[in-house]
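*Asks:* predicted structure and sequence below. I'll ask about it afterward.
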Amino acid sequence: MTATYGLFAIGEACVALPLSAVREVTPCPEPLAALPVSARGLLGAVNLRGQVIAVLDLLPEIDHGSAGHRVVVVMHHRDRLLGLLVDSVHGVTSPPALQQVGTHEHRLPVSHAFPAPTQEDEGRGIVSVLDVEALFALPGIPALREDEAGDGVFGADGTAADATDLAGSMLLVRCADHRLTLNIDAVHTIVPRVTVRSSPLRHGSCRGVTDYGGAEVPVFDPLALAGLGELSAGDTEGVAVKFRDGVVVMLLSEVLELIPASAGQRFTLPGVQVPGRRYLDGVVRVPGRGDFLSLSVEAILAHEDLNALSRLNTPPRHEGVPAPRAADDEESAGQSRAGGTYLTFSVGRDFAVPLEQVVEILPFPEQYSVLRAGDEDVLGLFTHRDTVVPLYRLSGLLRAGDPSLPAAYVLVVSAGPDGRVVGLAVHALRAIERSIWEDPAAPGEAPSGEPSLEQALARRRTIRLAAIGTSDEPRMLTRVDLSAVGAALVPDSPTRLTTTSSGTGILAPHAN
C-alpha cells in the first residue's frame, strides 16, 4: 500500500512527513514559552490543550516572516510529541517511488526524496522526506511524553487510531462566525494572505481574483456558496482547492488546525432549509474544540461554475490544455440549455460565450510576431506557457464594431482535444451572466467533423442573460461558439509557410 505524506514548506524547501506521524497542525503562538534547556533549533514550547510540546526549527537561520503565518506540525513517535515549525501546509500526496538519502557516517534528518508532485511545488524541485525517528533523536531536543489523560489521537469511540485511520485528515477553519471543516485531500495548499481584486469573473460566490502560482485565479466565498452569509473584506486567509483542471482559492477568516479525521465524531445534518444545503454534509464534533459544520468536498468539486472558473488563468496540465468534457462538446454543438453560465465581452458590440469554452483570459500581449501586415483579422503569434498561440482580432472575424479599437484582452480558447489553442483579441470584458432563455438550436447546426470558419462564425443564437449578483435588467445578446471558431482557425492538418505579396509569412494548411 502506498504511504501518504503531508507536504509542508520550510523556507524555500518542500518537506514531507508520513501522515501516520502527524498528530495535528496548529498556528504558532507568539511568543513561544521558554524551556530551561538549550539546543540548536529549539525555539521553545507550545501549550496545546494542557500538553507541553517542544518546537523545533530545522532552519533557524531562515527568516520565516510574520509569526502569524507560521504553523507548528505536532509529530508523535512512540508515545512522544515534538513540534516542527513550518511556513505553510501544501496538502497531501502519495508518491509512486522514493529515493533513499543518507551518508555512511551520520544519520540525516532526511531519509528519502521524490520529485515535487505539482506544478506549484516544482520551483522547489524535490520533496525531502523527514526521518521522524531521527528528528526525535536529535541531541538536546526534549521530546516530551504524550499525556495519557490528554486527547491524543483517538477515534470517536475513544480507541486509539491506527495508521490507516490517520491517512484521512481534516482542516479546521473559521469563516466569520462559522467554524467549518473540510477534507485535506481537496486542499492544494494553504494561502496565508489572499488579496482579492475585482474582476469580470465576480458573480455568485466568486469574489474576484487573486495572485497565486504566477497567475490570477478566482476566489470564492464558502459562506455565500452554502447560504450562510458572506465574508468581509477583512478576511484574508484561504486555501487553494484542487479541481479537475486547475485551482480556485476558497476565502477564509482563519485556518485553525489540521487533525486526523478519526479525532472527530460525525453527525448527520438535519434537513435545514438553506440555499446551499447540498454543500454541507454533516456536523463534526472535535473533543476540546467543539462542533464544526462539514463542507461537502464532493459537492463543491462538482459545482459547474467553480469547475469552469478553475480553468481560467491557471497553469495547464503538463500534457497541455485539457480536453473539453462531454458537456463542452454539447455546448460546441449548439445544444446548450437555459441556465448556462456565460462570459460577456465587447468587440465594439457585446457578445456572450459559454464560460467553459474559455481556457484562459490574458492581457493583450505587449509583443507578438506579425504574420500579415495590414490584415485586420490575423494579428500574429505570441508565446504563453511554452506554447505558440496564434492571435486573431475577433471583431474582424465577427464583422462587428470598429476593428481599429485597441484590444485589451485575449480569450484563449481550445481549438481541439489535442491541446491546440487560439487567442482571440477583444476590447473589454463585461461580466459573468446566466441565461434565462435561449433560442433553440437551428436544424443542422451540429455538422459532423470540424466546421469551416464560415460555418463556425454562423453558429450564433439569441439568448437572454441576467447578470448574477446584480439588480440589472436582463438583456438579449448573441451567443457565439468560440470553440468551433478556434477549431476552424487552427485545423488539425499539416502546415506550411507561405509568402504574401508584402513578404511576410503566415502558417497556412496545405491546399487540397
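*Replies:* Nice, I can see it. All of these numbers come straight from a predicted model, not from anything done at the bench.

*Asks:* Glu304 reaches Thr341, doesn't it?
*Replies:* Yes. Counting by CB atoms under 8 Å, Glu304 touches Thr341, with 6.9 Å between them. To be clear about C-beta, it is placed using only N, CA and C from the backbone, and glycine gets the same treatment.

*Asks:* out of those two, which sits in the more crowded spot?
*Replies:* Each of Glu304 and Thr341 has its neighbours counted (other CB atoms under 10 Å); Thr341 has more, 20 against 13.

*Asks:* how about the nearest residue to that one, chain neighbours excluded?
*Replies:* Once flanking residues are discounted, Thr341 sits nearest to Leu355: 4.6 Å by CB to CB, 6 or more residues apart in numbering.

*Asks:* for the one you found, what are its contacts?
*Replies:* 305, 308-309, 341-343, 432 (CB atoms under 8 Å, 6 or more residues apart in numbering).

*Asks:* nearest to Pro440, of these?
*Replies:* Pro440 lies nearest to Tyr342 out of the contacts of Leu355, by CB to CB, at 16.9 Å.

*Asks:* from Glu30, how far out is the closest one?
*Replies:* Distance, Tyr342 to Glu30, using CB to CB, to the nearest Å: 48 Å.

*Asks:* of these two, who's got more company?
*Replies:* Taking neighbours as other CB under 10 Å, Tyr342 and Glu30 compare with Tyr342 leading, 24 against 9.

*Asks:* thinking again about what came up before, in the contacts of Leu355, find the pair that's most separated.
*Replies:* Most distant of the contacts of Leu355, by CB to CB, are Leu309 and Tyr342, 12.9 Å apart.

*Asks:* longest single strand anywhere in the chain?
*Replies:* Longest strand in the chain by number of residues, with DSSP state E as the criterion: strand 428-438.

*Asks:* tell me the helix or strand right after it.
*Replies:* Sequence-wise, the next helix or strand downstream of strand 428-438 (DSSP states H and E) is helix 453-457.

*Asks:* which stretches in the stretch 51-200 of the chain count as helices?
*Replies:* Counting by DSSP state H, counting those that start in this stretch, one finds helices in the stretch 51-200 of the chain at the ranges 132-136, 163-166.

*Asks:* weakest of these by average pLDDT?
*Replies:* Sorting the helices of the stretch 51-200 of the chain by mean pLDDT places helix 163-166 lowest, at a mean of 32.

*Asks:* for Ala16, which non-adjacent residue is closest in space?
*Replies:* Tyr5 (4.0 Å).

*Asks:* quick check: beta-bridge partners of that neighbour?
*Replies:* Judged by DSSP bridges, the bridge partners of Tyr5 are Pro18, Thr93.

*Asks:* residue contacts, it?
*Replies:* 16-19, 92-95, 127, 129.

*Asks:* could you say which helix or strand contains Trp43?
*Replies:* Actually, residue 43 is Leu rather than Trp. Leu43 belongs to strand 42-48, assigned by DSSP H and E.

*Asks:* in that strand, which residues are buried?
*Replies:* The neighbour-count check on strand 42-48 (16 or more other CB atoms under 10 Å) flags 42-43, 45-46, 48 as buried.

*Asks:* over to stretch 180-200?
*Replies:* Of all the residues in stretch 180-200, those buried under the rule 16+ other CB under 10 Å are 180-192, 194, 196, 199-200.

*Asks:* quick revisit: what about the residue nearest to Thr341, distance to Leu306?
*Replies:* From Leu355 across to Leu306, the span is 11 Å (CB to CB).

*Asks:* ok, now Leu343?
*Replies:* Distance from Leu343 to Leu306, by CB to CB: 15 Å.

*Asks:* between those two, which one's more packed in?
*Replies:* Neighbours per residue (other CB under 10 Å) separate Leu343 from Leu306, with Leu343 holding more: 26 against 20.

*Asks:* state the helix or strand in which Phe382 lies.
*Replies:* strand 378-384.

*Asks:* chain center to whatever helix or strand comes next after that strand: distance?
*Replies:* Going down the chain from strand 378-384, the next helix or strand is strand 387-393, by DSSP H and E. Taking CA atoms, centre = their mean, to the nearest Å, the mean C-alpha location of strand 387-393 is offset from the chain mean by 25 Å.

*Asks:* which residues belonging to stretch 346-354 are considered buried?
*Replies:* Residues of stretch 346-354 classed as buried by neighbour count (16+ other CB under 10 Å): 346-348, 350-354.

*Asks:* same deal with stretch 475-486?
*Replies:* For stretch 475-486, a neighbour-count test (16+ other CB under 10 Å) marks 477, 479-486 as buried.

*Asks:* in strands, which of those residues appear?
*Replies:* Using DSSP E, the members of the buried residues of stretch 475-486 that fall in strands are 477, 479-480.

*Asks:* now these in TSV, with distance to Gly288?
*Replies:* Shown next, in TSV, are these (distance: CB to CB, whole Å):
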residue	distance to Gly288
Leu477	55
Arg479	54
Val480	57
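
*Asks:* pLDDT and distance to Ala113 added to those, as a markdown table?
*Replies:* What follows is those, written out as a markdown table (pLDDT from 0 to 100; distance: CB to CB, whole Å):
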| residue | pLDDT | distance to Ala113 |
| --- | --- | --- |
| Leu477 | 92 | 54 |
| Arg479 | 94 | 51 |
| Val480 | 94 | 49 |
